[in-house]
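**Student:** sharing a model prediction with you, sequence too.
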Amino acid sequence: MKTISNRTYDEISIGDRCERTHTVSGQDLLLFAAVSGDMNPVHLDADYAATTRFKGQIAHGMFTGALISAALAMELPGPGTVYLGQNIAFRRPVKIGDTLTVILTVSAKHDSKSIVTIACDVKNQHGKTVADGEATVMAPDSKMTVEVPDLPEVTVNH
């Protein structure tokens, strides 16, 4: 089993950064729709989406937001992080097949409650920003290494 470790509040410095990459699949859109309840046809219906300004299916904006959440939970600060808030702007559509890189950079620390402000930039495979914003998290105070469970294989049946 894979393990991941966190960075405690005391280990984090302004300017620390990480990157996490994910290639968007059609199954991602179906699974996100299933758990979120957002079944907008621009995400799920290829024929309909082809008639829109995007000329094809696009990912849910909050799917991109979820990739930011995963980077916070898995990378910086990592396990034990408490997500307090996020502002996010969606700059470009994300399509099936796009490879997104989430880049997190620590921009501020607030000692009173172990709170960290993290700049978030999500770029596609062409280096274009598809979303950006800022997250506020409570960083863990204790060092930990945890095993990441193997996730079950999920299939989508129509």
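**Tutor:** Received, thanks. Numbers count the residues shown, from 1 in each chain.

**Student:** list the buried ones in the biggest strand by length in the chain?
**Tutor:** For the chain, the strand with the greatest residue count under DSSP state E is strand 99-110. With burial defined by 16 or more other C-beta atoms under 10 Å, the residues of strand 99-110 counted as buried are 100-106, 109. No exception for glycine: its C-beta is placed from N, CA and C like everyone else's.

**Student:** cool, and stretch 121-137?
**Tutor:** Of the residues in stretch 121-137, those buried by neighbour count under the rule 16+ other C-beta under 10 Å are 121-124, 130-133, 135-137.

**Student:** so which residue is smack in the middle of the protein?
**Tutor:** If you average the C-alpha coordinates of the chain and look for the closest C-alpha using C-alpha atoms, centre = their mean, you land on residue 67, 1.5 Å from that point.

**Student:** hey, where'd the strands end up in this protein?
**Tutor:** Remark: strands assigned in the chain by DSSP E are 3-5, 17-23, 82-90, 99-110, 115-123, 129-138, 145-147.

**Student:** contacts only, for the residue of the chain most remote from its centre.
**Tutor:** Note on the chain: the largest separation between a C-alpha and the mean C-alpha position, by C-alpha atoms, centre = their mean, falls on residue 51 (28.1 Å). Under the criterion of C-beta atoms under 8 Å, 6 or more residues apart in numbering, the contact list for residue 51 is empty.

**Student:** so residue 88 sits right up against residue 132, yeah?
**Tutor:** Yes - using C-beta atoms under 8 Å as the test, residue 88 is close enough to residue 132 to be in contact (7.3 Å).

**Student:** shared neighbours, those two?
**Tutor:** The contact sets of residue 88 and residue 132 overlap at residue 120 (C-beta under 8 Å, 6+ apart).

**Student:** ok, back up a step: reformat the buried residues of strand 99-110 as TSV; add pLDDT and distance to residue 1.
**Tutor:** Listed next are these as TSV, based on pLDDT from 0 to 100; distance: C-beta to C-beta, whole Å:
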residue	pLDDT	distance to residue 1
100	98	26
101	98	26
102	98	24
103	98	27
104	98	25
105	98	30
106	98	28
109	97	32
